[in-house]
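This is a predicted model, with the sequence first.
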Amino acid sequence: MIANAFAIGRQRRVLPGFGLSLGISLTFVSLILLLPLTSLVGQLSQLSWSQYWFLINDPRLLASYAVTLLGAGVAALFNAAFGLLMAWVLVRYDFPGKRLVDALMDLPFALPTAVAGVTLATLYSNNGWVGRLLEPLGISVAYTWVGIALAMAFTSIPFVVRTVQPVLEDLPAEVDEAAVTLGARDGHAFRRVILPHLWPALVTGTGLAFVRSLGEFGAVIFIAGGKPYETEITSLMIFVKLQEYDYAGASAVASIVLATSLILLLAINLWQGRFIKRLHGGRP
Amino acid sequence: MIRIGDAPAVRRVLIGTALVLTALFLLLPLVAIFAQALMSGLDVYWQNLSDQYTLAAIGLTLLVTLATVPINLVFGVFLAWLVTRFDFPGRRLLQTLIDIPFAVSPVVAGLVYLLLYGRNGWLGGWLDAHDIQIMFAWPGIVLATIFVTCPFVARELIPLMQAQGAREEEAAVTLGASGWTIFRRVTLPKIRHALFYGVILTNARAVGEFGAVSVVAGAIRGETNTLPLQVEQLYQDYNTVGAFTSASLLALLALLALLTLAAKAALEWRAARRENAS
Amino acid sequence: MNWLNTSRSLLAASAIGMTLVLGAVSPAQAQDERELLNSSYDIARELFAAINPKFIDWWQQQHDETVSVKQSHGGSSTQARSIMQGLRADVVTFNQVTDVNVLADAGLVAKDWQQQYPNHASPYYSTTAFLVRKGNPKHIENWDDLARDDVSLVFPNPKTSGNGRYTYLAAWAYADREFDGDKSKIEDYMKTFLGNVEVFDTGGRGATTTFVERGIGDVLITFESEVNNIRNEYGKDDYEVVVPPVSILAEFPVAVVDEYAERNGNEDLAKGYLDYLYTPEAQRLLADFNYRVNDESVAAEFSDRFPKTELLRVEDVFGSWPDAMETHFASGGELDQLQRR
């Protein structure tokens, strides 16, 4: 099997630059990503399995996993829809102020997360510009899980937009024409013809938004409320351990988030490989 | 040419929804930031901006961004080329490894660097003995920022390059073109949009990173305080106007690249109209 | 969009940026001048911005030497962690005794640091007080009012904030005295007290924002010294301060980080800096920033600003700081038990 993979690899390597790009990538990944993570492993190795289990299985922590997953899930779904819409509108249409709207998409990354958190809390608390309008409807945003989801959604807005945008821009005009000449209606044509090309980017972007939301701290704490068992997020629990100089405990909780995220991302990457193979008739 | 979604009604509804949501989620926060920054008037805004420590923080933030973006640009291009143009064992794993920075919460990212290069760290002891400061100096800030922002360029390029496939490059090889020529002439034109967005995201994130940097910077005023750290400090110290002044600057720094392009596009458009008119 | 043009203008912009950066980052003063680095907590920025120039003058007069002082501000356990990992601060001026203890345990600060300067090496102190809305509509006077059904509270999370930790300890100390050490009664009181908290922010500043700007809660519990900041920021008229008859003594400990001060050649300067904080001139400045001070003449000058109240030391009520941390705030400790469902 492996030998086979190698053989295919060798045969397919008609393009130059394999050695160089492999060398640069591996050096960078080892030095910048893996080397520092060894210190995380070092911290974890100070714990016995039972200590580790005890640490990650605390009831309050379990409640925080649920809150975090819920918030990140809602945020990712929102971003999938919003990101797709924005990418479509920005690529396909012209309208006044388009460039400004385009530029605004990156705003969440540039703001220090605390500023984002404070600003969102200002806008969406019950006496804020937007929260004031929502309160009579019985919707409380700040200091509830909705606020957590909102802050997570805000900080991860750029992921989907910016991942889908280049793919959409690159889509040849023939794709549209083929669909339209076939007489398909808009919604149908979009789903059958355009969406398949966007799937990889859309799923990647959504996955990244979800993963980023799992780890978000600064923006969320200002709007979360921090009530035990109700609005405490997992990052807050990591922060608490750090404040107590308990690096091993912090690493233990961080390792749960890290493992969840990496498994999800690996799954997306594997799925994508298969999907693309199907799309291109077996050629990645 | 007929395109999907070009019917006026569809168009209007989609643009309308997009604008309303953008206003609600992005424009309003931006307005709120400037409103708070300008709360005490333009004079105070200007005074906060020209504060010695704010200026130093702007300088450091620019330095860190300028050091980070090119490194991640080069790495991202090579990595994307590697995983989309070749098949080799461990390819998916490598592709997942570069996502690590997204999966690690920023504070933990800073911590792992601190535990490695800090005084009690594996490398830190040696560095300390030789009086080399990496943590609590600009090299540490640059390292942490590179870590946090390194996936962006690759992440933009990979889905696109995968979707495009390698046929054109392969054709170029059979025509006898060299590696660099293929990249410059065939690949680059096809990926320039994605590359551009990758750079913009890297830039935005590098400018705004707080969590990881706060752990490794040491927050020495005028020396290792980046703009986001400065914002935090002013805010903690009840200087809301000052904090939001610096925050507004960060927003501008992030929007700068795209706003420059917008201005240029407007100029070109005007020039084109003038030509048409004459 | 023309890629080549774009990259060219980006390059030009980078070049200009670089020039600006190098100009801004290069050290402003001559190299032979000694620099002291003071690592401090996050709400002391303006305080030390006021103190440092006066110290520089004072040192100049005493020693005929021009020096400069650099500041680093952050959460005090973040600051301690940085110092342990190599941030070469000469002195620390913290708001948490425990964070100096951590440095002493790591061998960076003398074990007997609390004996090296007067008042347990705390040149100024404060206490936990209540900020209530105008006219004190809920008639909050003492700690027992805070456990009433109709009162909701805001104070920072004791797990993440020293400010919140003091609040917790003060409430416990009050209950301990009120119920004469009857543990089940104390715990009942603490449960109700903690249950009345509407929002747990991670720090004092966040809690203030929640109380003032979001309008949540009837009482904000915070350092008395912070009330000044709050009034400067949000106006004097909308809030009232209530200092309860008994509360906890919040010390603001200082210490020389011996190892780094020695290495930086700043030992005398570091000691001088801490000595200066005890001079009447510095004490007056501190009192002006709403910190209580020990210098008698200065304290008399500002007596109308600080209501008389009985202040309990953590050491007297809870044995020692390490004991209090272990029993109450460690994982699975008293606080976790009280908040358990």
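All right, it came through fine.

so who does C:V293 touch?
C:123-125, C:283, C:286-287, C:299, C:302 (Cβ atoms under 8 Å, 6 or more residues apart in numbering or on different chains). In this view, the C-beta of every residue, glycine as well, is placed from N, C-alpha and C.

rerun that using 7 Å as the cut-off
When contacts are counted by Cβ atoms under 7 Å, 6 or more residues apart in numbering or on different chains, C:V293 is found next to C:124, C:283, C:286-287, C:299.

What residues does chain A have near chain C?
Contact residues, chain A versus chain C (Cβ under 7 Å from any Cβ of the partner chain): A:118, A:121-122, A:125, A:127, A:142-143, A:221-222, A:225-229, A:239-240, A:243, A:245.

follow-up on the earlier one: which members of the contacts of C:V293 occur in helices, if any?
Counting by DSSP state H, the contacts of C:V293 place C:283, C:286-287, C:299 in helices.

Any part of stretch B:136-146 near chain A?
Yes. Interface with chain A: stretch B:136-146 contributes B:I146 (Cβ under 7 Å from any Cβ).

And that stretch, what's buried?
Within stretch B:136-146, the residues that count as buried by 16 or more other Cβ atoms under 10 Å in any protein chain shown are B:136-138, B:140-146.

Geometric centre of chain C: which residue is closest?
The residue lying closest to the centre of chain C (Cα atoms, centre = their mean) is C:N95, at 3.5 Å.

What lies in contact with the host helix or strand of C:L274?
Assigned by DSSP states H and E, C:L274 falls within helix C:267-277. Contact with helix C:267-277 is made by C:34, C:36, C:55, C:58-59, C:67, C:90-91, C:117, C:123, C:254, C:256, C:261, C:282, as judged by Cβ under 7 Å, 6+ apart.

Next: stretch A:185-204.
If you take Cβ under 7 Å, 6+ apart as the criterion, stretch A:185-204 is touched by A:80, A:84, A:160, A:163-164, A:167-168, A:171, A:175, A:178-180, A:184, A:268, A:272, A:275-276, A:279, B:4-5, B:7, B:10, B:159, B:162-163.

Please indicate which of those are buried?
Among the contacts of stretch A:185-204, those scoring as buried are A:80, A:84, A:160, A:163-164, A:167-168, A:171, A:175, A:179-180, A:184, A:268, A:272, A:276, A:279, B:4-5, B:159, B:162-163 (criterion: 16+ other Cβ under 10 Å).

Any regions of the stretch 51-200 of chain A where pLDDT drops low?
Counting by pLDDT under 70, the stretch 51-200 of chain A has low-confidence residues at A:182-184.

swap that for chain B, sorry
Within chain B, the ranges that satisfy pLDDT under 70 run B:1-2, B:257, B:262, B:265, B:276-278.

The longest helix seen in it close to chain C?
Criterion DSSP H: the longest helix present in chain B is helix B:240-277. Yes. Contact of helix B:240-277 with chain C (Cβ under 7 Å from any Cβ) involves B:240, B:261.

name the helices or strands packed onto that helix?
On a contact count with 3 or more Cβ pairs under 7 Å, 6 or more residues apart in numbering or on different chains; DSSP states H and E, helix B:240-277 meets helix A:98-104, helix A:107-110, helix B:28-37, helix B:42-49, helix B:188-208, helix B:227-236.

Redo those as CSV? Include mean neighbour count.
CSV is the format used below for those (neighbours: other Cβ atoms under 10 Å in any protein chain shown):
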stretch, mean neighbour count
helix A:98-104, 19
helix A:107-110, 27
helix B:28-37, 19
helix B:42-49, 14
helix B:188-208, 24
helix B:227-236, 26
